[in-house]
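A.B. asks: Structure of the sequence below:
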Amino acid sequence: MRIQRYIAKDMRTALGQVREAMGPEAVILSSGTVGDQVEVVAAVDVEVAREHAAPRGAPQVIPVENPANAPARRASSQFSEALIPRQQRADAAAPALAAAAASDEAPAQNELAAEVKDMRRMLEAQLSTLAWNDMSRRSPLQAAMLKELAQLGISQDLSNSLARKIPANLTFSAARRFALATIARTVQVTGDRWLETGGRIAFAGPAGAGKTTLIAKLAARWVLRHGPRRVALVSADAVRIGAHEQMHMLGRLLGVTAHTVYDVAELPELLDSLSGQQLVLIDTAGASPRDPDLARRLRLMNQQQSKIETSLVIPASIQAGAIEEAIKLFEVAQPKSCVITKVDEAVSLGGVLSALVRHKLPAAYISDGQRVPEDLQPARSHGLVSRAVEIASRNGATADDEVMQRRITGGAHGRR
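C.D. replies: Have a look, this model is predicted:
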């Protein structure tokens, strides 16, 4: 058993030193303060400590010399030495005896592993409590802003980055405005360029994201603004039943031409025939990660970047993790923009905002209802942030100390 004392400027730094020098199996024995610094005493098994030895140039580690620990160290050493001949005898034993021993020891090993996991969870909970309490005491403004951003649903990594940028001399209200304004400046938008100048846009996204309804809104807006000429609708969705018929019905209602292809590979030839159209809206099949044909379709869309712009349709009603999964799933097609749909069904916009900032994906429009064409407007960065605040306030979003403890621990050990 090795016991070491770590001294750092704050609890997070001290915990990071413990993890770096002694590994994840370290046990915190005590913590306290030494002047303006934090002191943490940790212990780890000697063999584990050798595997996680601190590299050259690591922060200073002060060993704790306690004579009372000498008997425990001798006992640990004797125990380790006694294991060596036992292992040698086990290796020399007959295979049948080894198999029987393994069978007998398996339940005990499983039970021991479960106990170790439980102990580790308890230690992590204690460490997170210490880290959050230390931050609340040393940097109350930063802690308050982290809690505010968590209530909005902003991701952990983005919240930490924003909190570090806030000047220490601001009041809470000023710091809140600073953080929200920083998010708004970071979110990219495209403006109303599709309805102003046209384009050839293929909409991709998860099944049920609202792509067909979005196309109906955009087409209706174009007809109201420019008339039914020089606009065409294309259905490339051969998966959903009735998708082609739905697109042709929409074309008849708006008085615009509608076309059908049964595979994305047929798009180049059709687009050549539509060279006179100023706006071409393409509906693609909704997909899931288990769709065996998705990768091929996305590669074909990527190969046609010179002719079409791929826009990812993101429903705001799904969880932040699902939004990240959708963006990664469709990144093969290299979307140049996104449209945020189902905002009226969302319980939080923090996940969407975090994804837009992290992936630098410009937002084109937001759709917040089923009415055609009323429930559609160009995306505005400040409007998105304001809507996020409004939704969080309406839903009574909160972030208690337990939530913050988990977030700050994840920030110290890496994003989970």
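A.B. asks: hmm, who's touching stretch 290-308?
C.D. replies: Outside stretch 290-308, the residues within contact range by Cβ atoms under 8 Å, 6 or more residues apart in numbering are 200-202, 204, 264-265, 267-268, 271, 280, 282, 284-285, 287-288, 310, 329-330, 332-334. C-beta: built from backbone N, CA, C; applies to glycine.
A.B. asks: Just the buried ones from these?
C.D. replies: 200-202, 204, 264, 267, 271, 280, 282, 284-285, 287, 310, 329-330, 332-333 (16 or more other Cβ atoms under 10 Å).
A.B. asks: Which of those fall within helices?
C.D. replies: 267, 271, 329 (DSSP state H).
A.B. asks: And the pLDDT for the last one?
C.D. replies: So that's Leu329. You'll see Leu329 listed with a pLDDT of 87.
A.B. asks: Check the second one too.
C.D. replies: Predicted confidence (pLDDT) for Leu271: 85.
A.B. asks: who's in contact with it?
C.D. replies: Counted by Cβ under 8 Å, 6+ apart, Leu271 has contacts 200, 280, 307-308.
A.B. asks: Spatially, what comes nearest to Ala379 if we skip its sequence neighbours?
C.D. replies: Ala363 (3.7 Å; Cβ to Cβ, 6 or more residues apart in numbering).
A.B. asks: Please, where are all the strands along this protein?
C.D. replies: Here the chain has its strands, by DSSP state E, at 2-8, 27-34, 37-44, 62-63, 199-204, 231-236, 257-260, 279-284, 309-315, 337-341, 363-367, 376-378.
A.B. asks: Could you name the helices and strands sitting against the third one?
C.D. replies: By that I understand strand 37-44. Identification of packing neighbours for strand 37-44 by 3 or more Cβ pairs under 8 Å, 6 or more residues apart in numbering; DSSP states H and E yields strand 2-8, helix 11-22, strand 27-34.
A.B. asks: can you tell me which of these the model trusts least?
C.D. replies: strand 27-34 (a mean of 76).
A.B. asks: hang on, the earlier thing: min pLDDT across the contacts of Leu271, which one?
C.D. replies: Lowest pLDDT among the contacts of Leu271: Lys307, 83.
A.B. asks: how many other residues sit next to it?
C.D. replies: 13 (other Cβ atoms under 10 Å).
A.B. asks: swap in Gly35?
C.D. replies: By other Cβ under 10 Å, neighbour count at Gly35 equals 7.
A.B. asks: so what's it scoring on pLDDT?
C.D. replies: 78.
A.B. asks: Can you tell me how far it is from Pro140?
C.D. replies: Counting by Cβ to Cβ, to the nearest Å, the separation of Gly35 from Pro140 is 20 Å.
A.B. asks: Equivalent analysis for Cys338, please.
C.D. replies: 37 Å.
A.B. asks: More neighbours: which of these two?
C.D. replies: Cys338 (30 against 11).
A.B. asks: Tell me how far the more buried one lies from Gly210.
C.D. replies: 12 Å.
A.B. asks: what residues are shared contacts of the two?
C.D. replies: With Cβ under 8 Å, 6+ apart, Cys338 and Gly210 have common neighbours Val313.
A.B. asks: Not counting its own residues, what contacts stretch 215-231?
C.D. replies: 194-195, 198, 203, 233, 247, 250, 254-257, 276-281, 283, 365, 367, 372-373, 375-376.
A.B. asks: Give me the buried subset of the residues you listed.
C.D. replies: Buried, going by 16+ other Cβ under 10 Å: 194-195, 198, 203, 233, 247, 250, 254, 256-257, 277, 279-281, 283, 365, 367, 372-373, 375-376, out of the contacts of stretch 215-231.
A.B. asks: Ile166 versus the nearest residue to Ala265 once chain neighbours are set aside, what's the distance?
C.D. replies: Closest residue to Ala265 apart from its sequence neighbours, by Cβ to Cβ, 6+ apart: Leu300 at 5.5 Å. As defined by Cβ to Cβ, Leu300 lies at a distance of 46 Å from Ile166.
A.B. asks: Kindly report the domain assignment for the chain.
C.D. replies: Following automatic domain parsing, the chain resolves into domains at 2-106, 116-178+401-416, 193-379.
A.B. asks: With respect to burial, which of those domains scores highest?
C.D. replies: Ranked by mean neighbour count, the domains of the chain are led by domain 193-379 with a mean of 19 (mean count of other Cβ atoms under 10 Å).
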